[in-house]
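> Prediction below, plus the sequence it came from.
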Amino acid sequence: MKLVIGLDGASTGNKALEFAKTLATKTESCELIVVYVIEWSPFSFQTAEENAQRHKRREEEIAIAMERVVNPAVKSLSDAGLTARAIVRHGDVADTIDSIAVKEGATQIVVARSSAGGLTTRLFGSSTANLVMNARVPVTVVA
């Protein structure tokens, strides 16, 4: 079994993480992939200098997300004796999570639901509807 866990950097993501951890401990073999998506829309008509600045900013955002969100989550899972790794990407949240799940051969996507913002703001609404209705693997939304 392979689970993709979508985190948002808020405490609500812990619900998805804990759900996935519990599910993984009940299976014989499970790989957990912690995913954090930084909302990013490409701009058109940029100069080479603007592209270089955006690239540097993207790299900085990935490093911050790894340090603050996904590395602690992976450590928590690893400390529980589970196999886990992290992926941080820029892009549309629903499309990126779905693409990662398909590329990785995931069995299921796990995300949290909350009114606290973060992934909820970006994901719940049209993005969540898109993820739930269009994902190519099953999606579990944890309340």
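Nice, thanks for sending it over. Residues are numbered from 1 along each chain as shown.
> Once you drop chain neighbours, what's closest to residue 70?
Leaving out its chain neighbours, the residue that sits closest to residue 70 by C-beta to C-beta, 6 or more residues apart in numbering is residue 86, at 3.8 Å. C-beta coordinates here come from the backbone N, C-alpha and C atoms, glycine included.
> ok, how many other residues are close to residue 100?
Burial measure for residue 100: 19 neighbouring residues, criterion other C-beta atoms under 10 Å.
> so the residue nearest to residue 70 sits right up against residue 33, yeah?
Yes: judged on C-beta atoms under 8 Å, residue 86 makes contact with residue 33 at a distance of 7.4 Å.
> Just the pLDDT at the residue lying farthest from the centre of the chain, thanks.
Farthest-out residue of the chain from its mean C-alpha position, per C-alpha atoms, centre = their mean: residue 47, at 30.6 Å. What the model reports for residue 47 is a pLDDT of 75.
> From residue 80, how far out is it?
Here the distance between residue 47 and residue 80 works out to 48 Å (C-beta to C-beta, to the nearest Å).
> got it, and residue 139?
Following C-beta to C-beta, the distance that separates residue 139 from residue 80 is 23 Å.
> do residue 142 as well
Counting by C-beta to C-beta, the gap from residue 142 to residue 80 is 17 Å.
> neighbour-wise, which of those two wins?
Neighbour tally, residue 142 and residue 80, criterion other C-beta under 10 Å: the higher count belongs to residue 142, 18 against 13.
> So what are the sheet partners of whichever helix or strand residue 34 is part of and their directions?
Assessed by DSSP states H and E, residue 34 sits inside strand 31-39. Here strand 31-39 is paired, per DSSP bridges, with strand 2-7 (parallel), strand 83-91 (parallel).
> and those, which is most packed in?
Of those, the one with the most neighbours on average (mean count of other C-beta atoms under 10 Å) is strand 2-7, at a mean of 26.
> Run through the residues that contact residue 104.
With contacts defined as C-beta atoms under 8 Å, 6 or more residues apart in numbering, residue 104 is in contact with 2, 4, 33.
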